[in-house]
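Novice: Fold the stuff below for me.
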Amino acid sequence: MDGLSEREFESFRNLVKKHIGISFDRTQKAVLQRKLALRVNSLGLESYGKYYLYLLQEKESKGELRQLINTLTVDQTAFFRHLKQFELLANILLPQVAIQKNTIKKLRIWSAGCATGQEAYSIAMVVNDMFKEDHTWDIRILASDIDTDALKFAYRGLYTKESIKQVPTEYLNRYFRRGTGKDSGLFQVNEDLKNRLLFRRLNFVDFNFPFKSPVDIIFCRNVMIYFDTEVKKRLIDNFFRLLEPDGFLCLGTSESLIGVDDRFALVGHFVYQKRG
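Specialist: Next up, the predicted model:
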């Protein structure tokens with residue numbers, strides 16, 4: 001099969017940006033070609049051009065666009081990644097929200113771009129630890145991603161010994177059990193912890209996020225680095241709209257709102273607070 005031509009690169013680049021907001025620049029042509037080749041070979045097609053036409057024929061390619069999206073998205077994550085943010089969550093963010101909403105006693109957190117679930121489960125462990133003595137709170141954590149394969153993995157909540165090495169021992173003992181039978185050697189998230197989470201497929205490009213009430217804390221880490229300025233701005237606008245007054249937005253260590261959006265104040269370690 002011939003390499004990806006410039007015309008084909010532009011076509012696929014526009015298609016990807018339209019559907020999931022990710023922008024591939026010219027330096028990433030080889031990356032895009034490698035990932036496209038996985039789908040082209042899987043379908044037994046002869047060229048990238050035929051694959052593009054296949055994607056445009058919606059009825060014939062039903063489900064293929066979603067498979068392509070799953071192939072293109074990056075699912076790198078880990079338990080308690082960027083530990084300082086989880087320390088802020090435990091020591092500043094949650095106590096502040098608990099005081100502000102002590103009458104309503106409703107907490108909503110969104111793990112946006114949750115990948116295979118480690119971030120969302122890490123949040124849930126910290127939240128459970130904070131509210132373990134008070135069962136009167138209505139607590140929900142939305143874990144969303146565009147990658148359906150990653151979401152299935154996250155919902156299953158089954159992880160290798162290597163992947164849980166950053167989980168504190170007390171949390172490991174409390175919230176995981178050893179797998180048995182075919183899952184021997186793996187670690188299973190307890191159902192009580194899993195029940196804190198609601199897993200949903202959500203595309204940032206849709207921008208019509210199905211929230212019934214405002215959110216207190218949003219984690220969206222190492223996601224916006226794949227978007228261009230226009231998509232980032234619209235996403236930040238939506239985060240601002242969805243957050244409660246004084247709500248918190250946690251970004252990745254390669255992302256910043258400083259000089260970008262003065263509606264948020266820096267708390268520390270790439271954690272921002274909505275002003276008013």
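Novice: which other residues reach stretch 81-100?
Specialist: Stretch 81-100 has contacts (C-beta atoms under 8 Å, 6 or more residues apart in numbering) with 80, 107, 118-119, 122-123, 126-127, 129-131, 166, 216-217, 219, 221, 244, 246, 248, 250, 252-253, 267-271. All C-beta spots, glycine's among them, are computed from the backbone N, C-alpha and C.
Novice: out of those, which are inside helices?
Specialist: Counting by DSSP state H, the contacts of stretch 81-100 place 118-119, 122-123, 126-127, 129-131 in helices.
Novice: any chance of those in JSON lines, plus neighbour count?
Specialist: JSON lines is the format used below for the ones in helices among the contacts of stretch 81-100 (neighbours: other C-beta atoms under 10 Å):
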{"residue": "Q118", "neighbour count": "24"}
{"residue": "E119", "neighbour count": "28"}
{"residue": "S122", "neighbour count": "25"}
{"residue": "I123", "neighbour count": "26"}
{"residue": "V126", "neighbour count": "20"}
{"residue": "V127", "neighbour count": "21"}
{"residue": "D129", "neighbour count": "16"}
{"residue": "M130", "neighbour count": "20"}
{"residue": "F131", "neighbour count": "16"}
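Novice: which residues touch L55?
Specialist: L55 makes contact with 15, 61, 64-65, 68, according to C-beta under 8 Å, 6+ apart.
Novice: Just give me how far the helix or strand that contains it sits from the chain centre.
Specialist: Using DSSP states H and E, L55 falls within helix 48-56. Mean-position distance between helix 48-56 and its chain equals 28 Å (C-alpha atoms, centre = their mean, to the nearest Å).
Novice: Now do the buried residues in it.
Specialist: 48-49, 51-52, 54-55 (16 or more other C-beta atoms under 10 Å).
Novice: With secondary structure and pLDDT as added columns, please give the contacts of L55 in JSON lines.
Specialist: What follows is the contacts of L55, written out as JSON lines (DSSP: H, G, I helix; E, B strand; the rest coil; pLDDT from 0 to 100):
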{"residue": "L15", "secondary structure": "helix", "pLDDT": "92"}
{"residue": "S61", "secondary structure": "coil", "pLDDT": "54"}
{"residue": "E64", "secondary structure": "helix", "pLDDT": "89"}
{"residue": "L65", "secondary structure": "helix", "pLDDT": "88"}
{"residue": "L68", "secondary structure": "helix", "pLDDT": "91"}
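Novice: Could you identify which of the residues you listed has the most neighbours?
Specialist: Counting neighbours by other C-beta atoms under 10 Å, L68 leads the contacts of L55 with 22 neighbours.
Novice: Hmm, it is touching V40, no?
Specialist: No. Assessed by C-beta atoms under 8 Å, L68 is found out of contact with V40, at 10.1 Å.
Novice: Least confident secondary structure element in the protein?
Specialist: Within the chain, confidence by mean pLDDT, DSSP states H and E is lowest for helix 64-72 among all helices and strands, at a mean of 88.
Novice: Following that one in sequence, what is the next regular element?
Specialist: Going down the chain from helix 64-72, the next helix or strand is helix 83-88, by DSSP H and E.
Novice: same question for that following helix, mean pLDDT?
Specialist: Across helix 83-88, pLDDT averages out at 97.
Novice: My assumption is that R177 lies in a helix; please confirm.
Specialist: No. R177: not assigned to a helix; according to DSSP: H, G, I helix; E, B strand; the rest coil it is strand.
Novice: And it, how far from Y159?
Specialist: Remark: distance between R177 and Y159 (C-beta to C-beta, to the nearest Å) = 12 Å.
Novice: Find the residues that touch each one of those two.
Specialist: With C-beta under 8 Å, 6+ apart as the test, R177 and Y159 both reach F187.
Novice: Between these two, which is the more surrounded one?
Specialist: For R177 versus Y159, the count of surrounding residues by other C-beta under 10 Å is larger for Y159: 21 against 12.
Novice: I'd say the more buried one and G179 touch.
Specialist: No. In this structure, Y159 is not within contact of G179 by C-beta under 8 Å, at 9.3 Å.
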